[in-house]
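Asker: fold the following for me, if possible:
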Amino acid sequence: MTPHAATYDATTPAKAVERLSARLSAGDLEGALACYEPRACFRPSPEGPPVHGIEAIRQALRGFLALSPTLMGRVERVLEADGVALLVNRWRLRGTGGDGRPVELGGLSADVLRRRADGTWAILVDDPWGGG
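Answerer: So this is what the prediction gives:
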């Protein structure tokens, strides 16, 4: 068990996505990864293919963390049935590029989450570009 697993308290789908944003804003890669299911899928860019599994997601999130991001989001919709949820989140990222210039990204995500045996929720499919 990782240190983050012991304190993971995402008791709703919205809390799982909010926790991911908070961990990324704090520069906490391991805390962010604790928000995902082990075999989750993540789409790191609107043009590129998705990546699968925690190690691939770790590599993709390193790119986001290199921006020293501040992530803000607003959950717009959650549809839940039988331990699975679809969550739509309007998000904005502000950071700094490798050249020192400001970077702003944003979108409408489509995320699928699953309730774990302990009652917490984790991200199974994360498509930050899914709403557009």
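
Asker: please make it C-alpha for all contacts and neighbour counts, starting now.
Answerer: Fine.

Asker: where along this structure do the helices fall?
Answerer: 3-6, 13-25, 29-33, 54-65 (DSSP state H).

Asker: show me the contacts for residue 41.
Answerer: 50, 51, 52, 53, 57, 124, 125, 126 (C-alpha atoms under 8 Å, 6 or more residues apart in numbering).

Asker: name the nearest of the residues you listed relative to residue 29.
Answerer: If you rank these by distance to residue 29 using C-alpha to C-alpha, residue 57 comes first, at 10.1 Å.

Asker: include neighbour count, distance to residue 113 and pLDDT when you put the contacts of residue 41 into JSON lines, please.
Answerer: Converted to JSON lines, the contacts of residue 41 look like this (neighbours: other C-alpha atoms under 10 Å; distance: C-alpha to C-alpha, whole Å; pLDDT from 0 to 100):
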{"residue": "50", "neighbour count": "17", "distance to residue 113": "16", "pLDDT": "96"}
{"residue": "51", "neighbour count": "19", "distance to residue 113": "16", "pLDDT": "97"}
{"residue": "52", "neighbour count": "16", "distance to residue 113": "15", "pLDDT": "98"}
{"residue": "53", "neighbour count": "15", "distance to residue 113": "15", "pLDDT": "98"}
{"residue": "57", "neighbour count": "22", "distance to residue 113": "16", "pLDDT": "98"}
{"residue": "124", "neighbour count": "22", "distance to residue 113": "5", "pLDDT": "98"}
{"residue": "125", "neighbour count": "21", "distance to residue 113": "7", "pLDDT": "98"}
{"residue": "126", "neighbour count": "22", "distance to residue 113": "9", "pLDDT": "97"}
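
Asker: the residue nearest in space to the middle of the chain and residue 61: what is the separation?
Answerer: In the chain, the residue lying closest to the centroid (C-alpha atoms, centre = their mean) is residue 20, at 4.8 Å. With distances taken as C-alpha to C-alpha, to the nearest Å, residue 20 is found 11 Å from residue 61.

Asker: and the residue lying closest to residue 53 once chain neighbours are set aside, how far from residue 126?
Answerer: Nearest residue to residue 53, sequence neighbours excluded (C-alpha to C-alpha, 6 or more residues apart in numbering): residue 39, at 4.2 Å. Distance from residue 39 to residue 126, counting by C-alpha to C-alpha: 12 Å.
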